[in-house]
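# model the structure of this input:
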Amino acid sequence: MKTIESDNNHMESFISLGINPQRVETSIELIVNERRRQIEQEGWTPDHDDKHDGNQIAMAAACYASPVPLRAHIEVSCGCREASCQHPFGVHKWVEAWPWDKNADKRVKLSRIRQLVIAAALCAAEIDRLQRNPAEEEAGG
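Numbers count the residues shown, from 1 in each chain. This next block holds a predicted model:
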């Protein structure tokens, strides 16, 4: 755990953001804690993850990691967000890659740091899954 020195500038900056300046988790600690939360609270265990063999975990990680300007770059006059849209005036510049039910998508409710922490934890889960399934890893996904 990284401790911030208590000089007044750092203290005031952190306090103004609602952060305890005496205890700030590093990015790696945030990611490890998120992966632990995913397993313990959500039930996304290695056995559960192994069932997602269609790159869904990696796709979810990519979605969480994508910055808003990239996600917002969808220009479709028909209002449809599907890659297979056949409407005559649909212009697709970004295909939403979210692999699961839209109700499971919590990106808009989260801070940018939280989105990135979840993305990194999902990447770790996907790496672990591939390491448990070497034939799939060799195929290159």
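# residues contacting W44?
Applying C-beta atoms under 8 Å, 6 or more residues apart in numbering, we find W44 in contact with Q38, A125. C-betas here are computed from N, CA, C, even on glycine.
# that's a helix at it, yeah?
No - W44 is assigned coil when assessed by DSSP: H, G, I helix; E, B strand; the rest coil, not a helix.
# and it, how far from Q131?
The gap separating W44 from Q131 is 16 Å, by C-beta to C-beta, to the nearest Å.
# swap in D50?
11 Å.
# neighbour-wise, which of the two wins?
Applying other C-beta atoms under 10 Å to D50 and Q131 shows that D50 carries more neighbours, namely 13 against 10.
# what does stretch 49-63 rub up against?
Stretch 49-63 has contacts (C-beta under 8 Å, 6+ apart) with 71, 96-100, 105, 107, 118-120, 122-123, 125-126, 128-129, 132-133, 136, 141.
# got any ranges where this protein has weak pLDDT?
Within the chain, the segments meeting pLDDT under 70 span 1-11, 13-23, 69-95, 139-141.
# which stretches in it count as helices?
Here the chain has its helices, by DSSP state H, at 8-16, 27-40, 46-50, 56-65, 68-71, 112-132, 134-138.
# same for the longest one, what does it pack against?
For helix 112-132, the elements it packs on are helix 27-40, helix 46-50, helix 56-65, helix 134-138, judged by 3 or more C-beta pairs under 8 Å, 6 or more residues apart in numbering; DSSP states H and E.
# most packed of those helices?
Stretch with highest mean neighbour count among those: helix 56-65 (a mean of 20; mean count of other C-beta atoms under 10 Å).
# using CSV, write down the CA coordinates of that helix.
Output in CSV follows, covering the C-alpha atoms of helix 56-65 (Å, rounded to 0.1, in the frame of the first residue of the first chain):
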residue,chain,number,x,y,z
GLN,A,56,-16.5,-12.5,-24.3
ILE,A,57,-14.2,-11.6,-21.3
ALA,A,58,-11.7,-9.9,-23.5
MET,A,59,-14.5,-8.1,-25.4
ALA,A,60,-16.0,-6.8,-22.1
ALA,A,61,-12.5,-5.7,-21.0
ALA,A,62,-12.1,-3.8,-24.3
CYS,A,63,-15.4,-2.1,-23.8
TYR,A,64,-14.6,-1.0,-20.3
ALA,A,65,-11.2,0.3,-21.5
